[in-house]
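Asks: from the sequence below, what's the structure:
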Amino acid sequence: MTEPMSKSYQVIIVGGGPAGLTAGLYCSRSRLSTLLVERGIVGGQIVNAERVENYPGFPQGISGMELVQLIHQQASGYGLEVLSSDVTGAVPGERWHRVSTGEGDLQAGAVIIASGSRYRRLGVPGEDEVVGRGVSYCATCDGPLFKGKAVAVVGGGDAAITEALYLSRFASSVKVIHRRDQLRASRVIQERGMAEPKGELVWNTVVAGIEGDGSVRQVSLRNVKDARITTLAVGGVFVAIGSEPNSAIWRGIMPLDERGYIITNEAMETEIPGMFAAGDVRHNSARQAITAAGDGATAAIAAERFLSS
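Replies: Model (predicted):
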């Protein structure tokens, strides 16, 4: 049996969103030595949400940042450690799993992967050249910069319509560009979007390109029904077309589905004993803060049982 390294924990959690923080809370409450490794701000993508209205226990809503700060505070009170670093690789073992970070190698008896997802890009000509100069993936972060400007939001789900509603506070007009002829957003969000006087829906349309000289000037649009190309003058483009899993380092280590999500069973177990996945990085996740937290709790309980077996 391989002996543990000097820096070893009973549980290492990769990722600090709602799934990772909840897993950390449960593991720490179980008196397991637990380290959470997060490359950026603890909290994950939800920190960009101005208001979370569907997390139980907050009838008036709560900002995403405040929500994760509360969970972090709660978990830290039970002894959760946090390391700010990248995870660069992992080597599963029979007893100890090695996790490589920018601060060196660590070992743990159980690893919970809660690395979440990242914003999906359009992948069209001109996008990369003006990211941060008119192209944004976070209205809460950048919306106030577009006061008095016409902007476009790409997408048709809850995130897209919520972004559009937030932008309507600052922008002169908000065009929502959607590739289908009906929205995917929940009914309540749709109703709010339809009632916004600054908003307008552009159906059956995709962005074919983004044009500008140093900043966004206009977008090229293609109608998916007749392939007709038009242009739309805007000062900003906000992309809200979903996300992709942060799972690249796990490829070749454990099975992923065709889209790169980690495959688990209902106990959040991967096929590697002692390695678990929770939240948005997991196959078939509902990609909601509350379900991510539930995944994290389930993974922590499964990890504790694994370590005691």
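Asks: CA only for contacts and neighbour counts going forward, please
Replies: Fine.
Asks: outline the domain layout of this protein.
Replies: Domain ranges of the chain: 8-118+244-308, 121-239, per automatic domain parsing.
Asks: may I see the ones you listed organised as JSON lines, with mean pLDDT and mean neighbour count added?
Replies: As requested, the domains of the chain are exported to JSON lines (pLDDT from 0 to 100; neighbours: other CA atoms under 10 Å):
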{"stretch": "domain 8-118+244-308", "mean pLDDT": "95", "mean neighbour count": "20"}
{"stretch": "domain 121-239", "mean pLDDT": "95", "mean neighbour count": "19"}
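Asks: tell me where the stretch 51-200 of the chain has helices.
Replies: 64-76, 139-142, 158-167, 187-195 (DSSP state H, counting those that start in this stretch).
Asks: hmm, who's touching the longest helix seen in the chain?
Replies: For the chain, the helix with the greatest residue count under DSSP state H is helix 289-308. With contact meaning CA atoms under 8 Å, 6 or more residues apart in numbering, helix 289-308 is reached by 10-11, 18-24, 26-27, 30, 32, 46, 55-56, 109-112, 114, 267-269, 274, 276-280, 285-286.
Asks: what do you get for stretch 118-126?
Replies: Residues from elsewhere that reach stretch 118-126 (CA under 8 Å, 6+ apart): 45, 137, 207-212, 239-246.
Asks: can you confirm F276 is in a strand?
Replies: Yes: looking at F276 with DSSP: H, G, I helix; E, B strand; the rest coil, it is inside a strand.
Asks: hey, what's it bridged with?
Replies: On the basis of DSSP bridges, F276 is bridged to I112, E269.
Asks: touching, it and T270? I think so.
Replies: Yes: counting by CA atoms under 8 Å, F276 does reach T270; the two are 5.4 Å apart.
Asks: mutual contacts of the two, please.
Replies: The contact sets of F276 and T270 overlap at T264 (CA under 8 Å, 6+ apart).
Asks: from S117, how far off is I62?
Replies: 22 Å (CA to CA, to the nearest Å).
Asks: check A185 too.
Replies: Separation of A185 from S117 (CA to CA) stands at 20 Å.
Asks: nearest to V219, of the helices of the stretch 51-200 of the chain?
Replies: Among these, helix 158-167 comes nearest to V219, with 16.9 Å by CA to CA.
Asks: and the closest one, what other elements does it pack with?
Replies: helix 139-142, strand 150-154, strand 173-177, helix 187-195 (3 or more CA pairs under 8 Å, 6 or more residues apart in numbering; DSSP states H and E).
Asks: let's see that with 10 Å instead.
Replies: helix 139-142, strand 150-154, strand 173-177, helix 187-195, strand 199-202, strand 236-239 (3 or more CA pairs under 10 Å, 6 or more residues apart in numbering; DSSP states H and E).
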